[in-house]
Structures are given as structure tokens and as C-alpha cells.
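> Fold the following and give me the result.
(chains A and B)
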Amino acid sequence: MFTKILIANRGEIALRVARTAREMGIPTVAVHSEADRDSAVVRLADEHVQIGPGQPSRSYLNAAAIVQAAEQTGADAIHPGYGFLSESADFADACEAAGITFIGAPADVMARLGDKTAARALMSSAGLPLLPGGLDALDPESAAALADEIGYPVIVKAAAGGGGRGMQVIRDRSRFDEDFRRVQGTAQLLFGDGRVYLEKYLEHARHVEIQVLCDTHANAIHLGERDCSVQRRHQKLIEETPAPALPPGLVERMGRSTVEGAIAAGYVGAGTFEFLLDAAGRYYFMEVNCRIQVEHPVTEMVTGVDLVRQQILVAAGQRLGLRQQDVVPRGAAIECRINAENPEHAFAPTPGVVADFQVPGGPFVRVDTHVHPGYVVPPNYDSLLAKLVVWAPERGEAVERMRRALQEFQISGPRLRTTRDFLLSVLADRRFLKAEHSTSLVDDLLAGAPRGLAR
Amino acid sequence: MTQTVQLAAASAPWVLCDGCRQPLYAKRLARNLHVCPECDRHHRLTAAERLAQLCDGGRYQSLTGRPVRPDPLGFTDSVPYRSRLERARALTGLDDAVLCARATIGGHPVILAAMEFAFLGGSLGCEVGERLTGAMETALAERTPLVIVTASGGARMQEGVLSLMQMAKTSAGLARLDEAGVLTVTVVTDPTYGGVAASFATLTDVVIAEPGARLGFAGRRVIEQTIRQSLPAEFQTAEFLLENGFIDVVVHRSRLASQLARLLAAPPRRSAPGRPRRPGPVSGVADPAAALVRDPGLLPEQPAWEQVRQARDLRRPTTLDYLRLAFDDFVELHGDRVSGECPAVVGGLAWLAGQSVVVIGQQKGHTPIELHERNFGMPTPPGYRKAARLMRLADKLGLPVITLIDTPGAYPGAEAERQGQAMAIAENLKLMSGLRVPVVATVIGEGGSGGALALAVANRVLMFSQAVYSVISPEGCASIVWKDPAAAPRAAEALKVTARDLLRLGVVDGVIPEPAGGTGADPLIAALRLRTALLAMLHELSGTRGAQLVDSRRARFRQYGAPTPLEAELDGLAGELDGELTGELAADVTDRGDGCSPRF
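Okay, the predicted model is just below:
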């Protein structure tokens, strides 16, 4: 086992990793920026090293400084958390070159899965279904042929677009030529880049992901799914497991093919395979996240497996102590992300002082946070204040418990705005309650669409 | 066949960026083409690394030549020159400071020469001059484009005046490529100075520079020490040179190969070396009759003033909008190589249904900020000189010239006068009349006087149905002739500025109908119609030889004002403005300081 683990991250996840390490009896080193010198993880860890100023590129992204800190403190493993360097193949490679274990996927695996086109090709050959279409830029003729082949509706997206701009759904052939040229032209005008690609359009898409765990001895298992459909422009707000109202047997099938994909990729450690689900229960592979996910606690709540502990054991070369049949999810878990953001202003971050901060408690409530009264939300980092996680035997009770816990959560500050109330409005939405929502729920709510009108 | 020199630093896991002093993971830096991922500093490459980065698949075939006699002067400073040479050879693995090769970039054959700064500062000696000239001669014999990547401190001192002669030798080599119509491109990298900057580096058709690369004749230290002048930080950098009109474009290293590939796609394919150049036929042309109105009777009669206002509508697509929407690709080239870069004129190489063309146009904007940045589409002399340079390039390569006219007029400012506005415009009128390639001009908005005509001496002149073209702005005419700017609508009527009038006068050959609400209401449709019209015009002109194109263009303009059936109408127009225009106009121009209505 490792003699010392350096935690190359900040905030709640650094604290989360330090706690498990402490439970395992492994000393920890916290690296931190100037801005974080009084942070919770700095106090909890056995040692700490300041690696640079508040600016992330000079501290938490400064690979050389972090490797140097590990060498000086004698840490023989680095846990990267999520974000920052967690999916940097170069950082993994540099750790390896310095004789330090990177607690995560191997550098070459990460490089391959980080390339969207390569990852899609690899997973397709491993038998995972892809969303029909492609990421290659198309001219009008080949695009029309592709649309005919995969069937309408299709969505045309500008390669340089994003956030809903430069894309259009085309529902039948008669509109195709003009609409396609229009997206090209718009892309050219907006982004100066007229390249567009085309995909099957899913009318009612849900975001469902599968958690996997692999060791260095070619053993791989999955730990079930998480539904992250409540998201805004790929920023997740609420995650839950099990994914509600799925056709029977679907999760098992997804889990099996994910494990095959993970083995084909030579994956090691904890990872997440993201899928889109359509209304008919077909699933399509999107991408692999080679890191511990923000929303991992919901999986921990229903499986009883400490994922960070598993990451550390696997990185140390141990065989998985769990077989697939040992993973028996129980009940339902929901996570809400409390962010220092203003939902009324496009979720703009609101840095500043957190004057009042009282976390909820009671049965089956877990709060992962690094925040305390008097904490200053720094402008340089992501705006996550706390993850509120609840468990209950059934989804309905879990939602009730989450509502109670959110109402109990006291957070305020002079200029602080949080996502708490918006989360409550999602929890009150009839589509969410009946599990009839899709990834467009948040945008619908923001657009003021009549609440509770099931579609 | 690719030879790479293993430097000690390349194997170290971490390197320090000399731009931002950040430690960088060496593998990451190498994968990033030796551009710092933190501060974007373009680190120096060896000649072999450069060729490997640019050539398809990293593969190239070295061009070998007979080595020249080393050390022609028997030079010795603290160390004999011969030992310096030996040391440089051992260090770089090269015979001298340039590596010449045959390769393809994006599938296009090219002769490439990359200079090696690590070899005695990339200095230009006899061997370097000989190899570069050899590469030029190969390019000439094979009619293959030439790309030179420069990195040099200048002429090589240790070879004395013979080094100096290499400047003339290489320049003459490029002159021969100009005469033969072979495309030449330079990629300026840091640093490029002295005799190299003052010869082949800046003489090519297109001069690209890497961000931050410095180029100049005298270096900063020389200037600061000899004339005791302190210089700004950006002095002589690529960005500074771009602003001052000396280089065409600054290209990030990650896009360099693709940018070169686009440029190399510009020269038209030839059947055999030395054959007269002419553009090939254009395929996929829709019925031009559907796109163009040639009968003035088919155009609606509407008040001229209304049309002037329409033509100035800020929503109308600009030249750059049409370049994005109506053309398949566009590589903008900047600068007049003499005195500056004019933002009111844009130009470069563009592609239209597989055919490469040179496009030049005045650029306005849609917002007050854009308009201000583009000087409201009013060109300065560097703008006209840039246009001239690009037209000469088109003539050299045998590419049709397409111009898009949209200007209130040439810029009426003191600085423009100092730089020779009148001469710049005049020069273009003469130059355009003699171009041996098809020239098609289209008035897309406002065709304001001499400032417009300086891009419009064409074989075919088109205009959009709501565009206007005039000798003077209606406001200007009104204040001169009626002494009342409010008479502008009357002046507009009298000047006969509309598409309908101009078609009847024979000044334009065809009119492109606008979508409902004008081109600004549906830029995509407008662009599509422009594209169809241009393809039709190029098709019409495609069979014509260079000399005929010149003759017919000169004849086209010869007829204006000559006795013709149109005489009566022209008389009528002239009568209204008679006398006042010639005499009072001149007086007025000198009187009025604000110059709100530029002309001529």
C-alpha cells in the first residue's frame, strides 16, 4: 500500500479523498494555492504544500510543481480528484516517469479515450451502440445521403458551435437542403467556420451513465447507473440512481456492454461511460470520463461501496475485492449540487462571503462540502459549494427527503446567490416527479414553460 | 529519410519556457509543435523538425547539390572559420544552414527550403545561397510552387562580400519565378534579419509569419546603439509588420501546414509548362439568365433616393460576408508591402466551385464599431496599393479577379493625401486596364466615385438591384449644385445612380435581383445569387486569351462618352451638371474641411 498520498485538488473532493485515506491509515499531503491556504483539506491533511497563486494555471494545473511537491514530501501516489489535471494524459505520464503512482486510468488509455473520434471508434468496435451520424464535417450532398440513411429527424450542428447556437433539427427531407445551407451559412457568419456535422436527433433524450471499476488484472465490474438528465448545457444539477422508469433489463444490458467496452479500452480504476437514452429505451454511447465523478456519492449510497477507497486499492495493484454479483444496489439516492450561482442570470457565478452556512442533517442525509460560515467563494474556481445527497428505500421518499433537507440548508451571504431554490422548483415539477423529464427540463423551466404539464 | 537531431534538451522530461518561465512537460511541448501551451510562445524548430511538421506524413525527399568550396576567403577570427563550420555541422547534422526538399503539403507538390538557425545563426553564405537558388531553379524547371521558411541573422560575415552577392542571386531567382508565374511563399520565423530579410524573405508572393517572429533589416540593438532611439516592445514583430503592411498574414503554427495547403491550391493546373495561362471552364453553372437581369425595362422604377438609402442599409452583407457565404474558401492577404494596411479594403485568394480566384472589395460593417474599424469602407492609398498588389498576383498566377464594390468613396483625409491618394487610384485604373486575366466587378452596395472605379475597371460590371454607382454622393452634388444638402433626393434622381439607369447607360452589364426586403433581409439568398452570377460571368470569359481580355476591357471603357446611340441620354445627364461640376467642385473640395462626401 502507499506510504503517502498527495491530493492534487481542492474543495469538497480534496476533502473527500483525504477522509477515505485517513480511514485507510494512509497519510496525506494537500497541495493548495495561495487562495486556499486556510481550506478545510489543508487542516485535515497530514502535510500541506503551497504550489502557486490562486490562478489555477499557476497552481492546480501546474503539473511540474505538483510532481515536485510529491517528490519533496515523499508521496508515492497522487489522487487528482476531478477537473484540473485528473484527465491529463501528460500528467499521468509525468507521474509515472517520476516513479509516482497516478490514481486513475493509465496515460495511454486516457489519451485514447480523451479523443472523441478515437473513443467512438473503439467503443463501436467493442459493441457499444453509437448515435447514428458522425463528427466529420459534411458537404450538403453527403449530409443529405447520411440523413436518408439514419432517418429523420436529424440534427445539424456547427462544429464550432455550442450552447444551443448553430444547430437545427430537420424533420423531413423536403426541408433538408435549405435548412442545411442555413446552418452552414449561420455558422459561417457566427463563428467564421462553416463546418457542420449531422446526428440522429433524439426527441426525448435522457442522460444515463454507468459507473465502472477495473483493476490491473483485467477484472472489471459496473456499479449500476446514474441519471443526470437534470442539466443545463452539460452542467449537471441533480443526479439520481437508479434511473427512474427504465424498461426492465435495460440497465443490465448497458452495464454488460459497458464492462466489455472498459475491458477493450484496457481501462484501470474508476470510470464513467456516458450514454444518451431515447424514449424507446435505445441507448447510445457518448463518451468516457476517466476520473471520479462529482456525482459518485449516489452510487456509493445505494451500493455501499466507497469508490475512492476502491480507486486507491486498484491503483496499488490489488485485485478487485468485489465481483459483479456482490454489487446489489438498494433503494434510491439523489444528489443536488448547491452552487454559488444565480439561476436568474444564466447561472452566473456569485463569488463572495458565505455568512451563514448550516448543513441539514437527519437520517440518510450526506453533505460533502468544504464550506464553513465565513468562507469566501473564490472567483478563480468552480462554484460548487456543497453536494447534498439523500437515500431512501424508494424514489418518492428520497425526493421528499431531499426537499426537506434543501429547505433545512441555510446558506446566505451579502452577495451570494445559490441554486438551492431552483433545485426545489425542479423537485416540485410534475415531469420530474413522474420521471417523464428529459435533458431539456432545465431549459424549459428557465424559459418559463408551464410547470407540470407533462408532454 | 527524415533526420532528426537529438538535442540533449529534447530528452529531458521538463523544459522551461523562455516566454513565460513555466516548466513544461517536454512531450506535451513537442506534441504541441513546440508551441508553449501556456503562453503560446513559438519555440524555435530545427530545419528537420520544420520540414517534418509541414510535409504530408512528415516525409520529404532532400534535394542534394554539389557542395561549394568552403571558406572562400580563408577567414579566421578567434577561431578559424573552417572549425566553426565543422562544429556547426556536428551540432546540427546538416552541411549548412538550409535544408531543401521536395514534398507534398495537403497533397500539393512543393519545393521547400527551411533555414537552420542553429547553424551559425542561419547565416546566408555561398552554400546557403547556392542551395536556395538551386531550389528555385528546380521549382522553375518543374513549375512547382516554392516555400521558404526563414530563420537567419543575415549575411555570413566569414564569407565577406561573396555573402552579399547571395542576396542578389536569390532575388534574381525569385524574379525568374515571377516571370514564369510560379507561386512563391515565405514563412518568416524568429528571427529573420539583415541580408535575408532584405532579399528572398520578403520578395515572395505571399509572406506568412509565425506569431511573435521578428523580421527587420537592422536589429533592435543596432538601432538602439547607433541612433539612441528606444523602441517599443512589439517593434519588428510579426504583428507590428502586419499592421504596417509588410506581411500578408500571421499564422499560428498549428494551422501553418493547412494554411500552406490552401495557398498551394491557388495556382491553376497547367497542361504543360510555358503554355499561356487561362482559367478553365467553370462547371455547375446554372442558367445565368435566371440570375441576371440585362433588360432595364424589367427592373422596377423606384425613387433614386430610396435606392440610395437601401444601398447604405447597414444590414446589407459586406464583402467579408459574401466571402464567407458565396465562396467556398477564402485566405485573406494583408498589406501593400509599402506603407501600410488599410482595413477598408479586404482581399485575398478565394475559391468558387473549385476555381481559385483573387477577390478584392471594400469592407464596411454592420455596427458603429465595425464601421469605425473599417473606416466606413473608405480606402486609403495603402488599400488601393494592396488591391494593386493582389491584382498583379492574379495576373502572375493567371487567376480571375473578382471585385466587390461597396464604398462611399476614397478616404478624404490629410494623411491619405500625403500618401498619394490620387496617384494610388490612378495607378489602379491603368493597371486594371492591362490585366491579362478575366476581371468581374460587382457593386454590392454603394459605388462611390473614383474610390469605387479604382476596383471596377472590369470585363464585366454587375450590380445588385438596389445598389447605386455614381460620380459623387447625392448629398455632395446637392450641396455643390443646389447649395443645399436637402436637395440630395433631387440630385440622386438627376445623377442617374440606380441599377435601372446604369443598365440603360451600359455602365453595368447585368443586374442581380435582390431578395424581398433587400440583400440585408436574406444574406444567404443574396450570396447564392451573387455566386451564380459570378460563375456565369467567369464561364463567359473563360475561353478568352489574355490579350483579348485586355483589348475588350479597354474597348469597353473606350466607348463611354464616344458618339453612340446613347449619346442623347448622356448629353442630358451632362447638361444638368454642366460647368458647375468641373469648376465649382474643385473650389469646394479645397474649401470644405469636413469632407463628408468623398469623391474622385
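> so where do the strands sit in the stretch 151-300 of chain B?
Here the stretch 151-300 of chain B has its strands, by DSSP state E, counting those that start in this stretch, at B:184-193, B:206-209, B:215-216, B:249-250.
> show me where pLDDT drops low in the chain?
Looking at chain A here, since you left the chain open. A:162-164, A:449-455 (pLDDT under 70).
> meant chain B actually
Looking at chain B by pLDDT under 70, you get B:1-11, B:269-290, B:564-600.
> In the stretch 301-450 of chain B, which residue sits nearest chain A?
Here the residue of the stretch 301-450 of chain B nearest chain A is B:R324; by CB to the nearest CB that distance is 4.3 Å. Where C-beta positions appear, they are placed from N, C-alpha and C, glycine not excepted.
> Would you mind naming what in chain A lies close to chain B?
Residues of chain A lying close to chain B by CB under 8 Å from any CB of the partner chain are A:57, A:62-65, A:90-91, A:93-94, A:97-98, A:181-182, A:185, A:188-189, A:192, A:194.
> Just put the strands of the stretch 151-300 of chain B in a markdown table and tack on distance to chain A and mean neighbour count.
Shown next, in a markdown table, are those (distance: least, CB to the nearest CB, whole Å; neighbours: other CB atoms under 10 Å in any protein chain shown):
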| stretch | distance to chain A | mean neighbour count |
| --- | --- | --- |
| strand B:184-193 | 23 | 25 |
| strand B:206-209 | 19 | 25 |
| strand B:215-216 | 27 | 23 |
| strand B:249-250 | 15 | 18 |
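> how much space between the closest residue to chain A within the stretch 401-550 of chain B and B:F330?
Closest approach between the stretch 401-550 of chain B and chain A, counting by CB to the nearest CB: B:L524, at 4.6 Å. Per CB to CB, to the nearest Å, B:L524 is found 17 Å from B:F330.
> Could I get the phi/psi values of the closest residue to chain B within the stretch 51-200 of chain A?
Ranked by CB to the nearest CB, the top residue of the stretch 51-200 of chain A for proximity to chain B is A:A64, at 3.6 Å. Backbone torsions of A:A64, given as degrees, to the nearest 10, read phi -60, psi -40.
> Let me know how buried it is, in neighbour terms.
18 (other CB atoms under 10 Å in any protein chain shown).
> hang on, isn't it packed against B:W14?
Yes: using CB atoms under 8 Å, A:A64 is in contact with B:W14, at 5.5 Å.
> Overlap in contacts, the two.
Listed contacts common to A:A64 and B:W14 are A:94, B:23-25; contacts here mean CB atoms under 8 Å, 6 or more residues apart in numbering or on different chains.
> What's the local residue count around residue 426?
In the absence of a named chain, this looks at chain A. With other CB under 10 Å as criterion, A:V426 counts 19.
> Chain B was what I was after
For B:A426, using other CB under 10 Å, the count is 15.
> Report the buried residues of the host helix or strand of it.
Using DSSP states H and E, B:A426 sits within helix B:421-433. Neighbour counts using 16 or more other CB atoms under 10 Å in any protein chain shown place B:421, B:424-425, B:427-429, B:431-433 of helix B:421-433 among the buried residues.
> What helices and strands are in contact with whichever helix or strand comes after it?
Once the chain leaves helix B:421-433, the next helix or strand it forms, by DSSP H and E, is strand B:439-448. Helices and strands touching strand B:439-448, by 3 or more CB pairs under 8 Å, 6 or more residues apart in numbering or on different chains; DSSP states H and E, are strand B:401-407, helix B:449-453, strand B:460-464, strand B:468-470, helix B:523-541.
> Compute the inter-axis angle for strand B:439-448 and helix B:523-541.
140 degrees (axes from the mean of the first three to the mean of the last three CA atoms, to 10 degrees).
> nearest to B:R214, of the shared contacts of A:A64 and B:W14?
Closest approach to B:R214 among the shared contacts of A:A64 and B:W14 (CB to CB): B:L24, at 22.2 Å.
> Contact partners for the residue in chain B that chain A sits nearest to?
Residue of chain B nearest chain A, by CB to the nearest CB: B:P23 (3.6 Å). By CB under 8 Å, 6+ apart, the contact set of B:P23 is A:62, A:64-65, B:14-17.
> re earlier: out of the residues of chain A next to chain B, which end up buried?
A:62-65, A:90-91, A:93-94, A:181, A:185, A:188-189, A:194.
> right, and the pair among the residues you listed with maximum separation?
Within those, A:A65 and A:R181 form the most distant pair, 50.1 Å apart (CB to CB).
> List the buried residues for stretch A:98-106?
A:100-106.
> and which of the shared contacts of A:A64 and B:W14 is nearest B:G194?
Nearest to B:G194 out of these is B:L24 (CB to CB; 31.2 Å).
> Next, count neighbours for the closest residue to B:R176 other than its chain neighbours.
In this structure, B:R176 finds its nearest non-sequential neighbour in B:L140, 5.7 Å apart by CB to CB, 6 or more residues apart in numbering or on different chains. B:L140 has 19 neighbours, counted by other CB under 10 Å.
> Wait, B:L140 touches B:L177, no?
Yes: with contact taken as CB under 8 Å, B:L140 and B:L177 are classed as touching, separated by 5.8 Å.
> Next secondary structure after the helix or strand containing A:L424?
Element membership for A:L424, per DSSP H and E: helix A:420-427. Proceeding N to C from helix A:420-427, the next assigned helix or strand is helix A:430-433, under DSSP H and E.
> So which residues make contact with the next helix-or-strand element following that next one?
Later in the chain than helix A:430-433, the nearest helix or strand by DSSP H and E is helix A:441-446. Contacts to helix A:441-446, defined as CB under 8 Å, 6+ apart, come from residues A:164, A:229-232, A:237, A:343, A:422, A:425-426, A:429, A:431-432, A:451.
> so which of those residues comes closest to B:T170?
A:G164 (54.2 Å).
> tell me how far the helix or strand hosting A:R253 is from the chain's mean position?
Element membership for A:R253 (DSSP H and E) is helix A:250-265. How far helix A:250-265 lies from its chain's middle: 18 Å, per CA atoms, centre = their mean, to the nearest Å.
> Which is the succeeding secondary structure element to it?
Defined by DSSP H and E, the subsequent element after helix A:250-265 is strand A:269-277.
> Look at A:R37 and say how many residues are nearby.
Using other CB under 10 Å, A:R37 has 11 other residues around it.
> I meant B:Q236, not that one.
Neighbour tally, B:Q236, other CB under 10 Å: 23.
> surely it meets B:R214?
Yes: using CB under 8 Å, B:Q236 is in contact with B:R214, at 4.7 Å.
> Can I get the buried ones among the residues of chain A next to chain B in TSV including secondary structure?
Listed next are those as TSV, based on DSSP: H, G, I helix; E, B strand; the rest coil:
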residue	secondary structure
A:N62	coil
A:A63	helix
A:A64	helix
A:A65	helix
A:D90	helix
A:F91	helix
A:D93	helix
A:A94	helix
A:R181	helix
A:G185	helix
A:Q188	helix
A:L189	helix
A:G194	coil
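> List the contacts of the residue in the stretch 351-455 of chain A positioned nearest to chain B.
In the stretch 351-455 of chain A, no residue comes nearer to chain B than A:N380, which is 16.1 Å away by CB to the nearest CB. Residues near A:N380 by CB under 8 Å, 6+ apart: A:33, A:35, A:54-56.
> And for B:L85?
Per CB under 8 Å, 6+ apart, neighbours of B:L85: B:70-71, B:120.
> and it, which of the three is it?
helix.
> Identify the residue nearest the residue of the stretch 301-450 of chain B closest to chain A in space, chain neighbours excluded?
Nearest non-adjacent residue to B:R324 (CB to CB, 6+ apart): A:Q188, at 4.3 Å.
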